[in-house]
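J.: only geometry, no sequence info:
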Ligand code: HEC
């Protein structure tokens, strides 16, 4: 029994390795800066200099977006998070362009949109959960939300 299990595991491992090397051939890995992990491409230093002052580059490297998303994020950093020194629109545009080109939404990597409620089977726990909620509420066990 144990023998079968290890054969099974080794086969699985082998398949996983083969699959990952296939994927690597399809999309050549871009060159990355060893310190920040950022893709080395036009104007990457501008993005680095301005965007890793307050947080790790992971804050934006794991993000994907089109131009409008990235512009939105940079505006948000300027308005609400203290990125006050980025006032030159030319430099700002270069940073947004770098992010848009190198961190665009990837084909096939979108999250699936949620399935419409009307297409889902009825949730059998819904009435039970509601009953429990009402009982707890009646006993004062549900904290009342206060407006911020
Ligand atoms: C002056 C400080 C500061 C600078 C400079 C800065 N950020 Fe941020 N950033 C923050 C803070 C604070 C947060 C956490 C915001 C939160 O989660 O509410 C954040 C969060 C983020 C996030 C995560 C947002 C999310 O969805 O959780 C992204 C993406 C981001 N920053 C991108 C950038 C980019 C791109 C730049 C460069 C143009 C930049 N930041 C420069 C302060 C800064």
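T.: That came through fine. Note that the coordinates shown come from a computational prediction; the quantities given were computed from them, not determined experimentally.
J.: Please look at residue 46 and residue 97 and confirm they touch.
T.: No - contact criterion C-beta atoms under 8 Å: residue 46 and residue 97 do not qualify, at 9.7 Å. All C-beta spots, glycine's among them, are computed from the backbone N, C-alpha and C.
J.: residues from the chain in reach of the ligand?
T.: The chain has residues 50-51, 53-55, 59-60, 63, 73-74, 77, 81-83, 95 near the ligand, with proximity defined as C-beta under 6 Å from any ligand atom.
J.: Now list the buried members of these.
T.: 50, 51, 60, 73, 74, 77, 83, 95 (16 or more other C-beta atoms under 10 Å).
J.: how long is stretch 52-63 from one end to the other?
T.: 14 Å (C-alpha to C-alpha, to the nearest Å).
J.: Would you check the distance separating that stretch from the middle of the chain?
T.: Centroid separation for stretch 52-63 versus its chain: 12 Å, with C-alpha atoms, centre = their mean, to the nearest Å.
J.: need the contact list for the residue nearest to residue 33 when sequence neighbours are not counted.
T.: Leaving aside its chain neighbours, residue 33 sits nearest to residue 40 (5.6 Å; criterion: C-beta to C-beta, 6 or more residues apart in numbering). Shown in contact with residue 40 (C-beta atoms under 8 Å, 6 or more residues apart in numbering): 30, 31, 32, 33.
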